[in-house]
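Q: The amino acid sequence is not available; the structure is as follows:
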């Protein structure tokens, strides 16, 4: 059994019901919109975000559940899908999860409008059901995701990202949505605010570990979905590179920055930068940081009694840091 299927076992029934509820949440009177949303639903990913919502809800309430939990998971998935559709337009990307992206099939204007539609559907799902606490959690995530993207764009122009700024960017860009999933899971079953905030922090730690793992793929020799060296080619400052820049000589630092600014499309030069980062401890340091966040997330789970849901969340953390793609 695949790791994700194993993780899903305690919430298999809820995930099956969720699929139908999620489809219903996207219905429109416009046939074109329904064709596009049907296409999006058919090429769904692993659905890790709804899994976080359900597993946290079940763990903190000792197996309890609520219709609000389904709505919370739908809101998260609607907002997440909207951001992916918009990201593909911004990045001029023609592929998403091995399929053609919405903008590749229906052009940018339609893709932007579809993303806006899904965003509004998510907000209205919460407003119509007076789930204002869930709406606040997802709205914070959307704000932080936008700020994180813009901060990265601003800093990438100067290549002056410090380690603190790097963690700010990935917390906002990636971790905040997983934090919202876990907070929404807890809030949907009536957990107290301190539990909701604790679960948000739990999700944030996992999200940071997830993004660090993604950054490590840039230095991997294995055949994965992401081409090696793509971050350097796109002039993205990730943790292995930041650590190396902070610890190498002034001469080598100048050479690396010059390589990223002027020779980022030169395959030979990019390989040389990757080799230099590996030789100078950038990978080991990054793995140790990833494991720090993994351990922080596990420490929060240790405060909860044993259950199948907690076990699945532990497996989820292991999957995040050990995955091959």
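A: Looks like it came in fine. No experiment lies behind these values; they were computed from the predicted model shown. Numbering: from 1, shown residues only.

Q: which regions of the stretch 1-150 of the chain lie under the pLDDT threshold?
A: Applying pLDDT under 70 to the stretch 1-150 of the chain picks out residues 44, 91-92, 94-100, 105.

Q: at 90 what do you get?
A: The model of the stretch 1-150 of the chain has pLDDT under 90 over residues 1-5, 16, 18-48, 62-67, 77-119, 121-123, 125, 146, 149-150.

Q: need the strands for it, in chain order.
A: 95-96, 99-100 (DSSP state E, counting those that start in this stretch).

Q: Distance of residue 57 relative to residue 103?
A: The spacing between residue 57 and residue 103, counted by CB to CB, to the nearest Å, is 34 Å. C-beta coordinates here come from the backbone N, C-alpha and C atoms, glycine included.

Q: would you list every one of the helices in the stretch 201-325 of the chain?
A: Ranges of helices within the stretch 201-325 of the chain are 230-233, 239-247, 250-262, 267-279, 282-301, 308-322, based on DSSP state H, counting those that start in this stretch.

Q: for these, which one ends up most surrounded?
A: Greatest average neighbour count among the helices of the stretch 201-325 of the chain goes to helix 239-247 (a mean of 21), per mean count of other CB atoms under 10 Å.

Q: residue contacts, residue 160?
A: With contacts defined as CB atoms under 8 Å, 6 or more residues apart in numbering, residue 160 has no neighbours.

Q: Need the phi and psi values for it.
A: Main-chain torsions, residue 160, degrees, to the nearest 10: phi -120, psi 40.

Q: separation between it and residue 260?
A: 12 Å.

Q: Tell me, how many residues neighbour residue 219?
A: Applying other CB atoms under 10 Å, we find 21 residues neighbouring residue 219.

Q: Isn't it up against residue 240?
A: Yes - counting by CB atoms under 8 Å, residue 240 is a contact partner of residue 219 at 6.0 Å.

Q: Mutual contacts of the two, please.
A: Counting by CB under 8 Å, 6+ apart, the contacts common to residue 219 and residue 240 are 277, 282, 283.

Q: can you list those in CSV and add pLDDT and distance to residue 183?
A: Below are the shared contacts of residue 219 and residue 240 laid out as CSV (pLDDT from 0 to 100; distance: CB to CB, whole Å):
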residue, pLDDT, distance to residue 183
277, 91, 35
282, 91, 33
283, 92, 32
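
Q: which one of those is nearest residue 67?
A: residue 283 (45.9 Å; CB to CB).

Q: Now do the contacts for the nearest residue to residue 291 once chain neighbours are set aside.
A: Closest residue to residue 291 apart from its sequence neighbours, by CB to CB, 6 or more residues apart in numbering: residue 321 at 7.1 Å. Going by CB under 8 Å, 6+ apart, residue 321 touches 209, 213, 290, 291, 294.

Q: how does it look with 10 Å?
A: 206, 209, 210, 212, 213, 216, 287, 290, 291, 293, 294, 297 (CB atoms under 10 Å, 6 or more residues apart in numbering).

Q: what does residue 301 give?
A: Residues near residue 301 by CB under 10 Å, 6+ apart: 59, 202, 310, 311, 313, 314, 317.

Q: Confirm for me that residue 169 is in contact with residue 152.
A: Yes - look at residue 169 against residue 152 with CB atoms under 10 Å: they come within range, at 4.9 Å.

Q: what residues are shared contacts of these two?
A: Shared contacts of residue 169 and residue 152 (CB under 10 Å, 6+ apart): 161, 236, 237.

Q: Just among those residues, which is most surrounded?
A: When neighbours are taken as other CB under 10 Å, the top entry among the shared contacts of residue 169 and residue 152 is residue 237 (25 neighbours).

Q: Dihedrals phi and psi, it?
A: phi -90, psi 110.

Q: Check which helix or strand the nearest residue to it once chain neighbours are set aside maps to.
A: Distances taken as CB to CB, 6+ apart put residue 161 closest to residue 237, at 4.1 Å, once the chain neighbours are dropped. In this assignment (DSSP states H and E), residue 161 forms part of neither any helix nor any strand.

Q: Return the residues in contact with residue 161.
A: By CB under 10 Å, 6+ apart, the residues touching residue 161 are 151-152, 154-155, 168-169, 236-239, 241-242, 245.

Q: separation between residue 101 and residue 111?
A: Separation of residue 101 from residue 111 (CB to CB): 7 Å.

Q: Alright, calling it a day.
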